[in-house]
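Q: here is a sequence together with a model predicted from it:
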Protein chains: 2
Amino acid sequence: MSTVFKALSDPTRRQVLQLLRKGPASAGDLADNFEVSKPTMSAHFAVLREANLVHTEKDGKSVIYHLNLSVLEDALMGFANTFGIGVERDAQRQASKRKTLT
Amino acid sequence: MSTVFKALSDPTRRQVLQLLRKGPASAGDLADNFEVSKPTMSAHFAVLREANLVHTEKDGKSVIYHLNLSVLEDALMGFANTFGIGVERDAQRQASKRKTLT
DNA sequence: ACATCATTTCGATGATTAGCTAAATATCGA
DNA sequence: TCGATATTTAGCTAATCATCGAAATGATGT
């Protein structure tokens, strides 16, 4: 939980997640969207990985990053729900919501 | 936005918000729930204040902290919505949701 | 085997953070 | 005004963080 919010506290990392919303992308392609160095981006990726907000897959020379949307959803909504925020829609969403939590 | 997630990244601060869910409380009463020193708690309160997650009211010797639930909701749901997470319930919630964003 | 490309690790630096004790500020009641 | 109570500020330390350039790792193609 702390690791997720910590990961989300950096604008660069939030934007990486936004980019991944459109689909998986390589470390290099992601990095091209930012001004900072590749080592710095690699560190940001590591934070996102440790928070389980992304997972990776190796493809030749490249490393492809995928968004773990369910982890983001569980953390955000799980926390919101303890405040009575963020409402429920249907039984299916309910069920998936009860499963995991970092 | 960053300030909110930064504030939420600390377990102590998250728990302070949880305590405030039951209603306003003084700095001292809140601090009594934790092991850390009062100055440390005061610093945590300052972080929550700067994120606008709480506001204060002076009552005699005490400072009363109030939860700003709408700020928490707007930040959490606003961000979640950009991922298609966190569904809508009714028109009224919709309208209030469109207003602010940190 | 070698050169190249993609990514991560290493090692360093300056900034920020959480924590503490001690001191300052503010309010109240006697 | 004095003393007690509630909270914050000041000053410090140790740990973590974002950032960099340089070096290491891993995979591909020649």
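A: Right, received. Where do you want to start? Numbering: from 1, shown residues only, chains lettered A, B, ... in the order given.
Q: contact distance from DNA strand C - what residues of chain A qualify?
A: Residues of chain A lying close to DNA strand C (CB under 7 Å from any atom of the strand) are A:26-29, A:31, A:38-39, A:41-43, A:45-46, A:56, A:61-63. C-beta: built from backbone N, CA, C; applies to glycine.
Q: buried among those? Make that a ChimeraX selection.
A: In ChimeraX, this line selects whichever of the residues of chain A next to DNA strand C come out buried by 16 or more other CB atoms under 10 Å in any protein chain shown:
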select /A:26,27,31,41,45,56
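Q: in strands only, show me the residues of chain A next to DNA strand C.
A: A:26, A:56, A:62, A:63 (DSSP state E).
Q: mind putting these in CSV, distance to residue B:76 and pLDDT included?
A: Shown next, in CSV, are those (distance: CB to CB, whole Å; pLDDT from 0 to 100):
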residue, distance to residue B:76, pLDDT
A:26, 30, 98
A:56, 27, 98
A:62, 34, 98
A:63, 30, 98
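Q: now these as JSON lines including distance to DNA strand D?
A: Below are those laid out as JSON lines (distance: CB to the nearest atom of the strand, whole Å):
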{"residue": "A:26", "distance to DNA strand D": "12"}
{"residue": "A:56", "distance to DNA strand D": "13"}
{"residue": "A:62", "distance to DNA strand D": "9"}
{"residue": "A:63", "distance to DNA strand D": "9"}
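Q: just curious, which of these is nearest to residue B:67?
A: residue A:56 (38.2 Å; CB to CB).
Q: so what pairs up with the closest one in the strands?
A: residue A:65 (DSSP bridges).
Q: what sits against it?
A: The contact partners of residue A:56, by CB atoms under 8 Å, 6 or more residues apart in numbering or on different chains, come to A:49, A:63, A:64, A:65, A:66.
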